[in-house]
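Enquirer: Output the structure for:
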Amino acid sequence: MLNNIDLEEIKNIAISAGDAAMKIYNNSFEIEYKNDNSPLTKADKEANKIICTSLSQLYKEIPILSEENKTIPYQIRKKWNYYWCIDPIDGTKEFIKKNGEFTINIALIFNETPILGVVYAPVLKNIYYAKQKYGAFKNGKKLPLQKENKKLIIVASKSHLSPETEEFIDSIQTNKEKKLLSIGSSLKLCLVAEGSADIYPRLAPTMEWDTAAAHAIVLEAGKEVLQFQNNKKLLYNKENLLNPWFIVK
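Expert: Okay, the predicted model is just below:
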């Protein structure tokens, strides 16, 4: 199946969704709120429509799980071997703040593991992508871009820095000087993948679509995403789509 997926096509879909989002980003827009009180804009809907329509046309046999689509019962999902996991805009809060730190995220999952991922940051003009056994790249350059930092660079959420995360950061034992880097969306995982950051602790809620695409990039860059409590791999297509706390390193 993976050999039949054209990564360039997936990148182009992400870029098209990003272009549509930018037309809204550069103008005024209304903000709605979902049942969980998380924000939603027209850009989320437009990007979702472009991604889901394009993937359905190209790969009719692969089901789609997206943050912005209707909930799919676990009784159906658990039968899936392959599926697309989509977050049309990760970092809607960053989109609303217009700080540029939002991303378009497309992942292909196989048996609980991300095996392909595209993360596109339209404002920053950065595109990260990876395919299992093919490698991970940023704007055409193979990851990681740098192997060693003189300081211990810890990346953390700009909008969701929990007390538990702060406590974990304080507890890290190192001979290096610690430097905290705050950024929005799935870019945090990408910074570890590219080598700009050493560790990303996420001791706060995320959903599977928040991490799937960037997780594929982290894996192909030779890094790992582990559950905080038991050091086991972070898995996908669980009955509850909420991620446990995790560490990227």
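
Enquirer: which parts of stretch 123-143 are buried?
Expert: Within stretch 123-143, the residues that qualify as buried are Val123, Ile127, Tyr128, Tyr129, Ala130, Lys131, Gln132, Ala136, Phe137, Lys138, Leu143, counting by 16 or more other Cβ atoms under 10 Å. C-beta coordinates here come from the backbone N, C-alpha and C atoms, glycine included.

Enquirer: How about the backbone phi and psi for the third one?
Expert: The one in question is Tyr128. Dihedral angles phi and psi of Tyr128 (degrees, to the nearest 10) take the values phi -110, psi 140.

Enquirer: Skip the chain neighbours and tell me the closest residue to it.
Expert: With Cβ to Cβ, 6 or more residues apart in numbering as the criterion, Tyr128 has its nearest non-adjacent residue at 4.4 Å, and that residue is Val119.

Enquirer: If the one you found is in a bridge, with which residues?
Expert: For Val119, the residues forming beta bridges with it (DSSP bridges) are Asn105, Tyr128.

Enquirer: Count the neighbours of it for me.
Expert: Using other Cβ atoms under 10 Å, Val119 has 30 other residues around it.

Enquirer: Verify the contact between it and Ala213 for me.
Expert: Yes. The pair Val119 and Ala213 qualifies as a contact (Cβ atoms under 8 Å) at a distance of 5.0 Å.

Enquirer: who touches both of these two?
Expert: With contacts defined as Cβ atoms under 8 Å, 6 or more residues apart in numbering, the residues shared by Val119 and Ala213 are Asn105, Ser186.

Enquirer: so where's this protein uncertain?
Expert: Segments of the chain classed as low confidence (criterion: pLDDT under 70) are 159.

Enquirer: Just flag the most distant two among the buried residues of stretch 123-143.
Expert: Of all pairs drawn from these, the greatest distance, 28.6 Å, lies between Val123 and Gln132 (Cβ to Cβ).

Enquirer: Now do Leu145 against Asp44, distance only.
Expert: Computed as Cβ to Cβ, to the nearest Å, the Leu145 to Asp44 distance reads 30 Å.
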